[in-house]
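> sequence and predicted structure, then a few things I'm wondering about:
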Amino acid sequence: MIVLDAVSKWYPSGIRPALSDVSAEIGAGEFVFLVGPSGSGKSTLLRLLLREERASSGQVVVAGQDVARIPDRRVPRLRRTVGCVFQDYRLLPNRTVAANVAFALDVIGRPRHVVRSIVPEALELVGLGEKAQSYPDELSGGEQQRVAIARAFVGRPRVLLADEPTGNLDPTTSIEIMHLLDAIHQAGTTVLMATHNAALVDAMRRRVLELSDGTLVRDEARGGYDTAPVPLAPSIPTQSGRELPWSPGAGGPSGAAGPAGVSGAVGASGTAGASGAAGVSGASGVPASRGAVG
Ligand SMILES: Nc1ncnc2c1ncn2[C@@H]1O[C@H](COP(=O)(O)OP(=O)(O)OP(=O)(O)O)[C@@H](O)[C@H]1O
């Protein structure tokens, strides 16, 4: 679904590349975390996938399209394939929740009657059916992020990119957002999530790509946030240094964890042990704290 082939990116004012010779493939239906210190190149990589920036060298392919070769007039079509959620929500402040979600469909030319029927469905999906006529400043940060997720997902993109989606949220709300993204993944969407949230990455145990100074330094199938660096050469066995408290492969196409034993990893949020309450129970490995989905 996503192919990065020897991708480098220099910003005009940069003294070093923001990305340097990055190669990775992400298959359809995978859930992948993108981690690394501030400035390591995570947002740059996501911007290349959205064609907000172009690679200086190398090739970026999304859903079979060489992103650099897409003519400008067809970039909106790429953005139909790739939904995006940001740390700062990026909602339109003077439009209602429903209008914010509808806007995403309007710009891709969906007919009014379709918009009228699927916007309420999208808001129900994120647990905000009753807030359809509220304005963003009447919502909590977590609710605003739910709206942003509904907006990103309402057009049913094949890929969802999330750039630090829990960065402004408390631990409990972060877990709720994680459940939502996991539910979207379980529905078949490829998800790539850049994050600094170590507790979520450690609890989920999904594939982890780690950048450092623009270089890909780790690609680990069921990694933690800062698992000991794993050499990228496939002949060298993974040494995660941690035991998995459940059977690998249980609970999802990318080897998602079952809830048992994982809850402790995010127990600091105070929601450990509540697994199973939401419609995505057992899928994410993160304790469910509110029945937002299903
Ligand atoms: N528009 C830009 N112009 C010039 N340099 C930029 C630009 N955007 C990012 N950079 C530089 O590119 C490098 C990678 O930045 P990027 O925002 O991709 O990192 P990041 O890993 O997403 O960081 P954070 O976790 O803080 O969001 C940094 O050195 C940054 O200063």
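On my side now, so go ahead. Residues are numbered from 1 along each chain as shown.

> what ranges does the protein have for its strands?
Counting by DSSP state E, the chain has strands at residues 2-9, 19-26, 31-35, 57-62, 65-66, 82-86, 159-163, 190-194, 207-212, 215-220.

> nearest approach to Leu128 belongs to which of those strands?
strand 82-86 (14.5 Å; Cβ to Cβ). Just so you know, the C-beta spots here come from the backbone N, C-alpha and C atoms, and that holds for glycine as well.

> how far off strand 2-9 does that closest one point, in degrees?
60 degrees (axes from the mean of the first three to the mean of the last three Cα atoms, to 10 degrees).

> who are the packing partners of strand 82-86?
helix 141-153, strand 159-163 (3 or more Cβ pairs under 8 Å, 6 or more residues apart in numbering; DSSP states H and E).

> show me how far stretch 35-48 is from its chain's centre.
Mean-position distance between stretch 35-48 and its chain equals 13 Å (Cα atoms, centre = their mean, to the nearest Å).

> and the helix ranked longest in the chain, what's buried?
Longest helix in the chain by number of residues, with DSSP state H as the criterion: helix 171-186. Across helix 171-186, burial judged by 16 or more other Cβ atoms under 10 Å covers 171, 173-186.

> over to stretch 8-25?
In terms of neighbour count (16+ other Cβ under 10 Å), stretch 8-25 has its buried residues at Ser8, Lys9, Trp10, Pro17, Ala18, Leu19, Ser20, Val22, Ala24.

> just the closest of these to the ligand, please.
Comparing the buried residues of stretch 8-25 against the ligand with Cβ to the nearest ligand atom places Ala18 closest, at 3.3 Å.

> residues in contact with stretch 122-132?
96-98, 101, 119-120, 138-139, 143, 146-147, 149-151, 153-154, 180, 183, 290-293 (Cβ atoms under 8 Å, 6 or more residues apart in numbering).

> please pick the buried ones from those residues.
Buried members of the contacts of stretch 122-132, scored by 16+ other Cβ under 10 Å, are 96-98, 101, 119, 139, 143, 146-147, 149-151, 153-154, 180, 183, 290, 292-293.

> where does the stretch 151-294 of the chain have low pLDDT?
228-294 (pLDDT under 70).

> just to revisit the earlier point, with pLDDT and distance to the ligand added, can I get the buried residues of stretch 8-25 in TSV?
Formatted as TSV, these follow (pLDDT from 0 to 100; distance: Cβ to the nearest ligand atom, whole Å):
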residue	pLDDT	distance to the ligand
Ser8	97	12
Lys9	97	8
Trp10	97	9
Pro17	96	8
Ala18	97	3
Leu19	98	8
Ser20	97	11
Val22	97	11
Ala24	97	15
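
> ok, Ala203 to Val159 distance?
As judged by Cβ to Cβ, to the nearest Å, Ala203 and Val159 stand 23 Å apart.

> the more surrounded of the two?
Taking other Cβ atoms under 10 Å, Ala203 and Val159 do not tie; Ala203 has more neighbours (27 against 22).

> and the gap between the more buried one and Trp10?
For Ala203 relative to Trp10 (Cβ to Cβ), the value is 36 Å.

> and what of Gly214?
From Gly214 to Trp10 the distance is 10 Å (Cβ to Cβ).

> Ile149 too?
From Ile149 to Trp10 the distance is 32 Å (Cβ to Cβ).

> likewise for Ser43?
Ser43 sits 15 Å away from Trp10, going by Cβ to Cβ.

> OK, contacts around Val60?
Counting by Cβ under 8 Å, 6+ apart, Val60 makes contact with Val3, Leu4, Asp5, Val7, Leu48, Leu49, Asp66, Val67, Ala68.

> one more pass at 10 Å, please.
2-5, 7, 9, 22, 45, 48-51, 53-54, 66-69 (Cβ atoms under 10 Å, 6 or more residues apart in numbering).

> do Ser23 as well
Taking Cβ under 10 Å, 6+ apart, we find Ser23 in contact with Val3, Leu4, Asp5, Ala6, Val7, Gly58, Gln59, Leu216, Asp219, Leu232.

> repeat that for Glu164.
If you count contacts by Cβ under 10 Å, 6+ apart, Glu164 has them with 34, 42-43, 46, 85-88, 193-197.

> top of these by neighbour count?
For those, the largest number of neighbours (other Cβ under 10 Å) sits with Met193, at 29 neighbours.

> surely that one and Val85 touch.
Yes: counting by Cβ atoms under 10 Å, Met193 touches Val85, with 8.6 Å between them.

> quick one on the thing from earlier: restrict the buried residues of helix 171-186 to contacts with the ligand.
By Cβ under 6 Å from any ligand atom, no member of those lies near the ligand.

> and which of those is nearest to the ligand?
Among the buried residues of helix 171-186, and counting by Cβ to the nearest ligand atom, the member closest to the ligand is Ser174, at 15.8 Å.
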